[in-house]
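In: One predicted model, sequence on top.
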Amino acid sequence: MDFALTQEQQLIREAAYKFGQNEVLNGLAERDRAHESDPVILKKMGEAGLLGVCIPQKFGGMGADYISMGMVCEELERADSTARVAMSVHVGLHSMTLMQWGTPEQHERWLPDLATGKKIAGFGLTEPNAGSDASSLKTTATRDGDGYVLNGSKIWISLADFADQFLVIARLAQTSAKAPYAAFIVDRNLPGFSSRPIKGKLGVRAGNTGEITMENLRLSKDCMLGEEGDGFKIAMSALDHGRYTVASGAVGIVTACLDACNKYANERTVQGEAIGKKQLVQQMIASMVRGRDIGRLLYYQVGWMKNQGLRHTREVSMAKWVNCEAAFDAANKAIEIHGAYGYCDEFPVERYFRNSRGAMIYEGTHEIHTLMQAEYELGYRSDKALSRTLPTWPFAD
Ligand code: CAA
């Protein structure tokens with residue numbers, strides 16, 4: 001086992017850090033306050049190669065490994081969750097799922113534009129009445145000639161108004177099969193597609209979230225990923241990738257809390273000494289360091305398993321669960337250390353607090369991951385090897 005980062009991984013981490021600090025943070029406080037998203041950031045992420053970090057070079061990506069992808073998420077979320085959310089849906093939930101389940105023709109058709117950010121992608125699983133219970137979807141796909149007609153709505157969709165295409169999971173109308181779902185790539189320019197933004201979120205305010213609706217939207221058969229009946233497995237394997245980005249990003253929030261608290265605790269004095277010298281402050285700092293270091297080990301392990309093509313549903317659920325809790329706890333402590341200053345947006349820690357709360361809901365709630373871990377341990381759930389895995393790394397030419 002080798003814990004040393006390669007030179008390539010270190011350079012990618014550094015580039016993502018600089019991008020976050022220079023591009024993502026530029027004007028962010030105003031956008032966050034005004035609940036405004038800036039699609040130009042997505043364009044710049046594409047130009048910087050970040051949207052193609054773990055996409056093979058033959059499709060225009062950087063061809064780096066999956067641990068590098070996690071490090072990009074960590075460094076972007078160290079600046080703001082909005083940039084990591086874009087990585088989650090565009091790269092994790094969409095492009096990586098396409099890499100895992102797409103045919104060679106589908107790879108050629110979609111990956112080059114996704115890897116370079118020419119096209120932006122989203123993911124549509126959740127519905128108004130199907131969140132944690134992901135198998136009670138109402139959106140239908142009805143066979144029609146050599147294609148399908150989709151009807152239904154998906155809610156809490158990141159980049160709903162910005163993405164050019166979505167990976168949508170729908171219930172097959174004409175089937176009595178036990179697994180009645182299919183997965184489709186849906187282009188937003190098709191007749192019958194519409195979206196609307198959701199306003200008033202607690203966090204990730206500078207990120208676009210909304211609802212997408214498909215009304216008699218016709219798709220040709222070659223827009224289906226996998227086969228009829230594969231839809232639920234595709235959705236769950238997409239979550240294996242999405243949860244990885246959330247888990248690695250959460251470490252970035254812990255690191256951002258440490259960045260802010262190290263500075264503040266060294267500058268702010270009480271009774272003639274820096275508050276960093278106070279043991280109760282040190283206790284909070286130590287707990288954040290614990291969250292950061294354990295969090296990295298958890299996501300590096302998952303990244304390594306992805307590189308090997310190993311199933312990692314249990315491990316990624318653990319990493320997402322533990323790291324999101326650590327991020328929320330770190331943000332709460334960061335506010336405590338900043339006192340009243342932590343409670344207003346003059347300092348960034350209140351934003352970390354609001355943003356980290358969302359990650360305990362999306363991509364599997366705290367409760368879902370708790371139950372999953374108990375079920376694995378009790379022998380009620382197990383991870384069988386998959387017939388379709390991500391391409392192992394290094395990628396074949
Ligand atoms: N990869 C491939 N196949 C998988 C899989 C995976 N990761 N996980 C499960 N499967 C397969 C299983 O092997 C099984 O197949 P067989 O019947 O052939 O054995 C089938 O899928 C059903 O699996 P389960 O029995 O595990 O299904 P379940 O009904 O018990 O799942 C659950 C329950 C784990 C709670 C699941 O419903 C779940 O994860 N819910 C949470 C949903 C979620 O996280 N939503 C987030 C939405 S996306 C989002 O938030 C993004 C955003 O933009 C903010």
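Out: Yep, that arrived. Numbering: from 1, shown residues only.
In: ok, the residue nearest in space to the middle of the chain - contacts?
Out: For the chain, the residue sitting closest to the mean C-alpha position, by C-alpha atoms, centre = their mean, is residue 88 at 2.5 Å. Counting by C-beta atoms under 8 Å, 6 or more residues apart in numbering, residue 88 touches 73, 158, 242, 245-246, 249, 363. For every residue, glycine as well, the C-beta is placed using N, CA and C.
In: again, only this time at 6 Å
Out: Contact partners of residue 88, counting by C-beta atoms under 6 Å, 6 or more residues apart in numbering, are 242, 245.
In: can you pull the pLDDT of it?
Out: At residue 88, the model reports a pLDDT of 98.
In: same thing with residue 177?
Out: We have a pLDDT of 80 for residue 177.
In: For the stretch 201-350 of the chain, list the residues in contact with the ligand, please.
Out: 232-233, 236-237, 239-240, 242, 313 (C-beta under 6 Å from any ligand atom).
In: Looking at those, which are in helices?
Out: 232-233, 236-237, 239-240, 242, 313 (DSSP state H).
In: Any figure for the gap between the residue nearest to the centre of the chain and residue 72?
Out: Residue 88 sits 11 Å away from residue 72, going by C-beta to C-beta, to the nearest Å.
In: One more: residue 263?
Out: With C-beta to C-beta as the criterion, residue 263 and residue 72 are 24 Å apart.
In: In terms of neighbours, single out the busier of those two.
Out: Shown here are residue 263 and residue 72; by other C-beta atoms under 10 Å, residue 72 has more neighbours (33 against 12).
In: can you pull the contacts of that one?
Out: Residue 72 makes contacts with 16, 50, 53, as judged by C-beta under 6 Å, 6+ apart.
In: Quick one: neighbours of the closest residue to it other than its chain neighbours, just the number.
Out: If the residues on either side of it in the chain are set aside, residue 72 comes closest to residue 16, at 4.3 Å by C-beta to C-beta, 6 or more residues apart in numbering. Look at residue 16: counted by other C-beta under 10 Å, it has 31 neighbours.
In: Ok, the one 3 residues further on next?
Out: The local packing of residue 19 (other C-beta under 10 Å) involves 22 other residues.
In: for the host helix or strand of it, packing partners?
Out: Element membership for residue 19, per DSSP states H and E: helix 7-19. Identification of packing neighbours for helix 7-19 by 3 or more C-beta pairs under 6 Å, 6 or more residues apart in numbering; DSSP states H and E yields helix 66-79.
In: near the ligand, which residues of the stretch 1-150 of the chain?
Out: Proximity of the stretch 1-150 of the chain to the ligand, by C-beta under 6 Å from any ligand atom, involves residues 89, 123, 125-126, 132, 134-135.
In: Buried only: go through the residues you listed for me.
Out: Buried members of those, counted by 16 or more other C-beta atoms under 10 Å: 89, 123, 125-126, 134.
In: Show me which pair in those is furthest apart.
Out: Farthest pair in these (C-beta to C-beta) is 89 and 134. Separation: 16.0 Å.
In: who touches residue 246 in this structure?
Out: 320, 359, 363.
In: most neighbours, which of the residues you listed?
Out: Neighbour counts for the contacts of residue 246 peak at residue 320, which has 33 neighbours (criterion: other C-beta under 10 Å).
In: May I have the predicted confidence score for it?
Out: 98.
In: List the residues that contact it.
Out: 243, 246-247.
In: List just the nearest of those to the ligand.
Out: Checking these against the ligand by C-beta to the nearest ligand atom gives residue 243 as the nearest, at 7.6 Å.
In: distance of that closest one from residue 185?
Out: Per C-beta to C-beta, residue 243 is found 21 Å from residue 185.
In: These two - which one has more neighbours?
Out: Taking neighbours as other C-beta under 10 Å, residue 243 and residue 185 compare with residue 243 leading, 30 against 21.
In: Let me know whether that one touches residue 363 as I believe.
Out: Yes. Here residue 243 reaches residue 363: they are 5.0 Å apart, a contact under C-beta atoms under 6 Å.
In: for stretch 52-59, which positions count as buried?
Out: Buried-residue list, stretch 52-59, by 16+ other C-beta under 10 Å: 52-56, 59.
In: how long is it from one end to the other?
Out: 9 Å (C-alpha to C-alpha, to the nearest Å).
In: what's stretch 268-281 in contact with?
Out: In contact with stretch 268-281 (C-beta under 6 Å, 6+ apart) are residues 265-266, 337.
In: Report how many residues lie close to residue 373.
Out: 16.
In: Helix or strand for it, just tell me which one.
Out: Counting by DSSP H and E, residue 373 is part of helix 366-378.
In: by contact count, what packs against that helix?
Out: helix 313-338.
In: angle of the helix it packs on against helix 366-378?
Out: Angle between the axes of helix 313-338 and helix 366-378 is 140 degrees (criterion: axes from the mean of the first three to the mean of the last three C-alpha atoms, to 10 degrees).
In: ok so, going back, just the closest of the residues of the stretch 201-350 of the chain next to the ligand to residue 43, please.
Out: For these, the residue nearest residue 43 by C-beta to C-beta is residue 242; the value is 22.1 Å.
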